[in-house]
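Undergrad: model this:
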Amino acid sequence: MPKRDPTAWMWAEACQMIEQAERLHRQFFRLGVAGARINWEPPVDVLEDEERFEIIVALPGVRADRIDVVIDGNSLLVRAQCEMPFRANAYVVQRLEIPHGYFERRIDLPDMRLELQPPQSIDGLLILTLRKMRTRA
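TA: You can find the predicted model right below:
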């Protein structure tokens, strides 16, 4: 059996770990600005039809009563705190991929009158409906 070069093996392992971290970053969440209070930004889907916008925000582990949703000018702000469901200091972390801590996500809205309907929380997803308000001619 040929002997493996430790330098090549370490380099391959480092590249594989960087690739995995980038994949997780793209797939599950976007990190907030370094040094800011925001720890992470949840991924969102924004859908539109003639009557409304539907915004779906992925919030694994966040209780519905801990979520704050505000229309702020021409943007929608979703924020909350995602607590760890266990005492972190009682464990040695083997893998930690689910984002925890304070999050905030700002979603730009079009320049029109919108009315936020009561939010729904289903299976770790926050579903927001913004009804388009018609102006009278």
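Undergrad: CA only for contacts and neighbour counts going forward, please
TA: Will do.
Undergrad: Residue nearest the middle of the protein, spatially speaking?
TA: In the chain, the centroid-proximal residue (C-alpha atoms, centre = their mean) is Pro42; its distance is 0.6 Å.
Undergrad: Do me a favour and get the end-to-end distance for stretch 115-128?
TA: Its first and final residues considered, stretch 115-128 spans 11 Å by C-alpha to C-alpha, to the nearest Å.
Undergrad: which strands and helices sit next to whichever strand or helix holds Glu115?
TA: Using DSSP states H and E, Glu115 sits in strand 114-116. Secondary-structure packing of strand 114-116 (3 or more C-alpha pairs under 8 Å, 6 or more residues apart in numbering; DSSP states H and E): strand 125-132.
Undergrad: roughly how far out does stretch 94-102 sit from the chain middle?
TA: Distance, stretch centre to chain centre, for stretch 94-102: 12 Å (C-alpha atoms, centre = their mean, to the nearest Å).
Undergrad: hang on, I meant stretch 48-63
TA: Distance, stretch centre to chain centre, for stretch 48-63: 12 Å (C-alpha atoms, centre = their mean).
Undergrad: How about stretch 81-100?
TA: With C-alpha atoms, centre = their mean as the basis, the mean position of stretch 81-100 lies at 16 Å from the chain mean.
Undergrad: What segments of this protein are strands?
TA: With DSSP state E as the criterion, the chain has strands at 30-31, 40-41, 44-48, 52-58, 68-72, 75-82, 101-108, 114-116, 120-122, 125-132.
Undergrad: what's the angle between the third one and strand 101-108?
TA: Taking axes from the mean of the first three to the mean of the last three C-alpha atoms, to 10 degrees, strand 44-48 and strand 101-108 form an angle of 30 degrees between their directions.
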